[in-house]
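Trainee: Here's a sequence, model it:
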Amino acid sequence: GGINCEALQPYLDPPIVVSNCVITGNSAFGPGGGAYGGGVLSAQIVDCELRGNTAQFGGGVAEGWIRRCVIVDNAAENGGGASEIYGEAGGFEYYSCKLDNCLLVGNRAQFNGGGVYACDLSNCTVAGNSAGQAGGGLYGFFVIQVQSPSRAINSIVYSNTSPSDANFVDYACNFENSCT
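Mentor: Sure, this is the predicted structure:
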C-alpha cells in the first residue's frame, strides 16, 4: 500500500502519526491500500484524504485510529473504505480500527462492508458506498475475544447499497445516537 505505519512495540512506543496528507492511487495485496496502521495504539491517520486506493481489506485504510479524514472512492474485497483485518480484532488490541469524525463516500467492497468493515465509528458519515453481498455502509463484526460488536456512535450511515442489509448488518453492530 501507500503507507505502512505499524509500530514494533505499540504498548511501549508512541503511536506513529501521519497527518495532512493526500494518499491516492495505491494498492496492496493484503491490508490497507492507502494506509495500514497496525491498530489504534500503533498509528494515527489525521486530517488526510484517502482516495482511489485498493486492497484485499481496507481499500482506503486498514487498522489504526483514523481522525478527521475523507475516505473516498476506494475498493477492496472487504471494507472498501476502512477495515479491521478479519480475525485479528481483540487478539492484540481490543479495537484495532477506530474512525472519528470521518467522511466515507463512494467506496466499494466486492463482498462485505462497502464503507466500513468491523471498525468502531464516532461522529462519522458513511454514505453512498456499496458492497456485493452485505453491509453496503457498515459490516459489523462481533469480536469474540472481548464479546463486543462493532459500534457506531453519533454517526450517520445512510444511502448505501448492497443485496442484503444495505446500510448495515444489524446483528453485529451497536448504534448509539446514530441515524440510518
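Trainee: and the worst-scoring helix or strand of the chain on mean pLDDT, what does it pack onto?
Mentor: Least confident helix or strand, the chain: strand 173-176 with a mean of 85, by mean pLDDT, DSSP states H and E. Of the remaining helices and strands, those touching strand 173-176 by 3 or more CB pairs under 8 Å, 6 or more residues apart in numbering; DSSP states H and E are strand 150-153. C-beta: built from backbone N, CA, C; applies to glycine.
Trainee: if you average pLDDT over the strand it packs on, what comes out?
Mentor: Confidence for strand 150-153, expressed as mean pLDDT, is 88.
Trainee: Please apply the same query to stretch 135-143.
Mentor: Mean pLDDT, stretch 135-143: 82.
Trainee: buried stuff in it?
Mentor: If you call a residue buried by 16 or more other CB atoms under 10 Å, then stretch 135-143 has these buried ones: 135, 136, 137, 138, 139, 140, 141, 143.
Trainee: What is the most widely separated pair among those residues?
Mentor: With distances taken as CB to CB, the most widely separated pair in these is 136 and 143, at 21.5 Å.
Trainee: gap between residue 109 and residue 116?
Mentor: 9 Å (CB to CB, to the nearest Å).
Trainee: In terms of neighbours, single out the busier of the two.
Mentor: For the pair residue 109 and residue 116, the greater number of neighbours falls to residue 116 (38 against 32), based on other CB atoms under 10 Å.
Trainee: quick one: contacts for that one?
Mentor: Under the criterion of CB atoms under 8 Å, 6 or more residues apart in numbering, the contact partners of residue 116 comprise 79, 81, 82, 83, 99, 104, 126, 137, 138, 139, 150.
Trainee: List of residues touching the least confident helix or strand of the chain?
Mentor: Here strand 173-176 makes contact (CB under 8 Å, 6+ apart) with 138, 140, 149, 150, 151, 152, 153, 154, 155, 157, 168.
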